[in-house]
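Undergrad: Got a predicted model here, sequence first, then my questions.
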6 protein chains.
Amino acid sequence: MRVTVNRKAHFNAAHRLYRNDWSDKKNEAVFGKCNNPNFHGHNYELIVSVTGAIDPETGYVIDMKVLKDIIKSEVEDAFDHKNLNLDVPDFKDLNPTAENIVVVIYNKIKPKLKANLDLTITLYETPRNFVIYPGK
Amino acid sequence: MRVTVNRKAHFNAAHRLYRNDWSDKKNEAVFGKCNNPNFHGHNYELIVSVTGAIDPETGYVIDMKVLKDIIKSEVEDAFDHKNLNLDVPDFKDLNPTAENIVVVIYNKIKPKLKANLDLTITLYETPRNFVIYPGK
Amino acid sequence: MRVTVNRKAHFNAAHRLYRNDWSDKKNEAVFGKCNNPNFHGHNYELIVSVTGAIDPETGYVIDMKVLKDIIKSEVEDAFDHKNLNLDVPDFKDLNPTAENIVVVIYNKIKPKLKANLDLTITLYETPRNFVIYPGK
Amino acid sequence: MRVTVNRKAHFNAAHRLYRNDWSDKKNEAVFGKCNNPNFHGHNYELIVSVTGAIDPETGYVIDMKVLKDIIKSEVEDAFDHKNLNLDVPDFKDLNPTAENIVVVIYNKIKPKLKANLDLTITLYETPRNFVIYPGK
Amino acid sequence: MRVTVNRKAHFNAAHRLYRNDWSDKKNEAVFGKCNNPNFHGHNYELIVSVTGAIDPETGYVIDMKVLKDIIKSEVEDAFDHKNLNLDVPDFKDLNPTAENIVVVIYNKIKPKLKANLDLTITLYETPRNFVIYPGK
Amino acid sequence: MRVTVNRKAHFNAAHRLYRNDWSDKKNEAVFGKCNNPNFHGHNYELIVSVTGAIDPETGYVIDMKVLKDIIKSEVEDAFDHKNLNLDVPDFKDLNPTAENIVVVIYNKIKPKLKANLDLTITLYETPRNFVIYPGK
């Protein structure tokens, strides 16, 4: 009897799509307006989904307050009102596409959960574009 | 060619998180403000997801009117404008966490469906917290 | 140049519609299933709308952090995870219909704002029913 | 490290549920008000979900601009502001239920994607009814 | 102390934009793809907003059950799963633009309300386009 | 018979709250984390609301295609995937708070509309914070 518990969160950040080992021309050709050197930004909306057995004592898969605190310390404090390229070490040499961001978030939260819990991260870059990473 | 058909529904209910075999102190420590003895409440939003082959005659996996009636009799009539702890027998000895509620709903709807149909229940306790139970 | 600044917030609460000076029969006849003596509940979603001139110094009508704190102390701390009928003094002798709740919220927030700011409160009782009180 | 990239799109169309090899009486009995001979219609909201490995060069699973163009040419140009029964050849002999439409959309988009990408289509017929087809 | 009470509802319908006193060429030039002779359609989402004083007896501006019944008989029964041009007499000689539909709905509901209640109708033709008519 | 026609649009941008005639310390004290020198960003969601009489010929207040083109040229082309502080001349000496942005958008769109049409702009900076400017 495995249930998935989902918690929404959000952060606002600036970014640009860009590889520092490519020429400006190549960055422009591949990433178009997302490559604006002055950055643009998003309200990233996040869904953190934790799957596991229901604890028969509490009726919880995970205490939502615990999960909320993990999201705050690992994601919101690290990314909110930041420039992903300049302020967040994870993206020093990693292009902050939605795909790469969702994997980074997964890798930050997974070690904070008990080993028998599965994790999936969903990240909305805009209300119309979103990515999902189930960790495999 | 298996398709999942999803129907949204909703019910409004009061509840508290609480075990009657625990002391007040332990209930308070574990369930915090969700343990308020005078109850609090939610607009529960429900997604009932039925997966099966498309009937080549009708083009349906399941007639939505049939599914809507099952949801009404099994969930809405039973839970809407109720106190889950006091008015709903399923929670007489079961703590009405979102995880336990979603399993109860699954167990009420599953026997009403043809055996070759799979069922997943998604339950939003708030717009920011939701649980999913695929029945395994 | 008057702009309206809006901030969303939310609280979860139990309530019943009921007048203690009416017979059970009359309460039942008028309020139907909303009169369940064991209560039911809602996720109340709130929009607090403050209208005023833009301060040319800051570009703000009101500092959103200030508004957020007012909403927290006046509404969230007072109503969240509460039974409106039993736990909230404002509804001791006032039927907690959405209409009455929205007026109570207005009256709690208005005195905390500078006198030259107008206030409108919007309260969603469910995603399908909501009320608006502009204070006149 | 497989990530799912999702893109929302939409089209507005008229349709009726109806089989031309059935009598009017049988169509009426099975499809009810969805069988109105003068048609009714929907704002179909679509989620196209593409799963694959992240390209380490670009950080993309698929370039969203490429995906957007495929959706436009295969779905929006073909279905938007159309009568599905009368204007769209795919439904000449196929009842345009949500289930059948979602399979048709899958079959139009899949060949336009690289073979190592998986595809799932989600189609909202209304905000309360939706179907999902993962292609197996 | 006037409060606005809002109730959401919805109907699905086919329509085309078209004047029968214009040539096909002019209809095409003015209404573009909305003029498709085979029709297209929408999920119309409706917000009915009633403004008045709170009844001190009940705490209601209007009993939501009464309002829900008016919307059902005046709008949903008349428009849902219909072709607005062919099935609904109100649009026999009136082009069913969102603007004209919202005025028709206002004129159907207003006489059913007590004279001291104000009415505003909001009609979403799509999630991205909507119209509002406050009756003046 | 005046109806309001509303059109949604959106743009993604980076910004920081900051006055170049203030010290860093004062900027930090007043604008907090919104003052990050490396910028942060938002998905700005826009509602453009045009109020006027229904043209009895067309049934339109304004042709939605015309309105869509105005929004594209005046707002989307100017602001989307831009840094508001660095790339948009309107904010060269104006702090890009939501309040100031909504007034700038109003002032760009108003002259493009016929004089007898009223305009209101609503701007969501996040799904939880939004501002409204009716031009007076």
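TA: Received the coordinates, thanks.
Undergrad: Residue A:68 touches residue A:7, doesn't it?
TA: Yes. The pair formed by residue A:68 and residue A:7 meets the contact definition of C-beta atoms under 8 Å, at 6.3 Å. Placement of C-beta: from N, CA and C, glycine included.
Undergrad: and residue A:136, how many neighbours does it have?
TA: Residue A:136 has 7 neighbours, counted by other C-beta atoms under 10 Å in any protein chain shown.
Undergrad: got it, and residue A:3?
TA: Close neighbours of residue A:3, defined as other C-beta under 10 Å, add up to 24.
Undergrad: helix, strand or coil for it?
TA: State at residue A:3, reduced to three classes by DSSP: H, G, I helix; E, B strand; the rest coil: strand.
Undergrad: now do the one 4 residues further on
TA: Under the three-state scheme (three-state DSSP), the conformation of residue A:7 reads as strand.
Undergrad: Isn't it up against residue A:63?
TA: No. Assessed by C-beta under 8 Å, residue A:7 is found out of contact with residue A:63, at 11.1 Å.
Undergrad: what pairs with residue A:5 across the strands?
TA: Using DSSP bridges, the bridge partners assigned to residue A:5 are residue A:50, residue B:131.
Undergrad: Can you report how many residues neighbour it?
TA: Counted with other C-beta under 10 Å, residues neighbouring residue A:5 total 26.
Undergrad: pretty sure it is touching residue A:53, no?
TA: No. Look at residue A:5 against residue A:53 with C-beta under 8 Å: they stay out of range, at 11.4 Å.
Undergrad: what is in contact with these two at once?
TA: Both residue A:5 and residue A:53 are contacted by residue A:61, under the criterion C-beta atoms under 8 Å, 6 or more residues apart in numbering or on different chains.
Undergrad: ok, the nearest residue to residue A:15 once chain neighbours are set aside to residue A:100 distance?
TA: Nearest non-adjacent residue to residue A:15, counting by C-beta to C-beta, 6 or more residues apart in numbering or on different chains: residue A:84, 4.1 Å away. According to C-beta to C-beta, to the nearest Å, residue A:84 stands 10 Å off from residue A:100.
Undergrad: shared neighbours of the two, which are they?
TA: Taking C-beta under 8 Å, 6+ apart as the contact rule, residue A:84 and residue A:100 both touch residue A:91.
Undergrad: Between those two, which is the more surrounded one?
TA: Remark: of residue A:84 and residue A:100, residue A:84 carries more neighbours, 28 against 23, as counted by other C-beta under 10 Å.
Undergrad: Surely that one touches residue A:94?
TA: No. Using C-beta under 8 Å as the test, residue A:84 is too far from residue A:94 to be in contact (9.5 Å).
Undergrad: tell me the contacts of the residue in chain A that chain E sits nearest to?
TA: Relative to chain E, the nearest point of chain A is residue A:127 (10.2 Å; C-beta to the nearest C-beta). Neighbouring residues of residue A:127 by C-beta under 8 Å, 6+ apart: A:45, D:8, F:10, F:43, F:45.
Undergrad: for these, which one is nearest residue F:16?
TA: Nearest to residue F:16 out of those is residue F:43 (C-beta to C-beta; 16.6 Å).
Undergrad: How far away from the center of its chain is the strand or helix carrying the closest one?
TA: Using DSSP states H and E, residue F:43 sits in strand F:40-53. On the basis of C-alpha atoms, centre = their mean, to the nearest Å, strand F:40-53 sits 6 Å off its chain's mean C-alpha point.
Undergrad: Could you figure out how far it is turned away from strand A:40-53?
TA: Going by axes from the mean of the first three to the mean of the last three C-alpha atoms, to 10 degrees, strand F:40-53 is angled at 110 degrees with respect to strand A:40-53.
Undergrad: Any residue of the very next helix or strand once past strand F:40-53 touching chain D?
TA: Next helix or strand after strand F:40-53 toward the C-terminus (DSSP H and E): helix F:64-71. No. For a cut-off given as C-beta under 8 Å from any C-beta of the partner chain, helix F:64-71 has no contacts with chain D; the smallest distance is 12.6 Å.
Undergrad: Helix F:64-71 - what's its average pLDDT?
TA: Across helix F:64-71, pLDDT averages out at 97.
Undergrad: Let me know the next secondary structure element after it.
TA: Next along the chain after helix F:64-71, taking DSSP H and E as the criterion, comes helix F:77-79.
Undergrad: what residues does that next one touch?
TA: Residues from elsewhere that reach helix F:77-79 (C-beta under 8 Å, 6+ apart): F:11, F:13, F:44, F:88, F:108.
Undergrad: can I assume the first one is in contact with residue F:75?
TA: Yes. The criterion here is C-beta under 8 Å, and residue F:11 meets it with residue F:75 at 6.5 Å.
Undergrad: Next, show the common contact partners of those two.
TA: Both residue F:11 and residue F:75 are in contact with residue F:46, where contact means C-beta under 8 Å, 6+ apart.
Undergrad: Quick check: beta-bridge partners of residue A:82?
TA: On the basis of DSSP bridges, residue A:82 is bridged to residue A:13.
Undergrad: ok, it - contacts?
TA: By C-beta under 8 Å, 6+ apart, residue A:82 lies in contact with A:11, A:13-14, A:88, F:36, F:38, F:40.
Undergrad: what about the longest helix in chain A?
TA: helix A:98-109 (DSSP state H).
Undergrad: which parts of the helix or strand following it are buried?
TA: Next along the chain after helix A:98-109, taking DSSP H and E as the criterion, comes strand A:118-126. Of all the residues in strand A:118-126, those buried under the rule 16 or more other C-beta atoms under 10 Å in any protein chain shown are A:119-126.
Undergrad: one step back: write the ChimeraX selection for whichever of the contacts of helix F:77-79 are buried.
TA: Buried residues within the contacts of helix F:77-79, by 16+ other C-beta under 10 Å, are selected in ChimeraX with:
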select /F:11,13,44,88,108
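Undergrad: Would you check that my belief about residue A:62 contacting residue A:3 is correct?
TA: No. The criterion here is C-beta under 8 Å, and residue A:62 misses it with residue A:3 at 10.1 Å.
Undergrad: Give me the common contacts of these two.
TA: Contact criterion C-beta under 8 Å, 6+ apart; residues shared by residue A:62 and residue A:3: residue A:52.
Undergrad: In this structure residue A:98 contacts residue A:133, no?
TA: No. Contact criterion C-beta under 8 Å: residue A:98 and residue A:133 do not qualify, at 9.8 Å.
Undergrad: okay, and the common contacts of the two?
TA: Residues touching both residue A:98 and residue A:133 by C-beta under 8 Å, 6+ apart: residue A:123.
Undergrad: Get me the contact residues on chain A for chain F.
TA: A:10, A:12-15, A:33-34, A:36, A:38-43, A:45, A:80-83, A:86-87, A:126-127.
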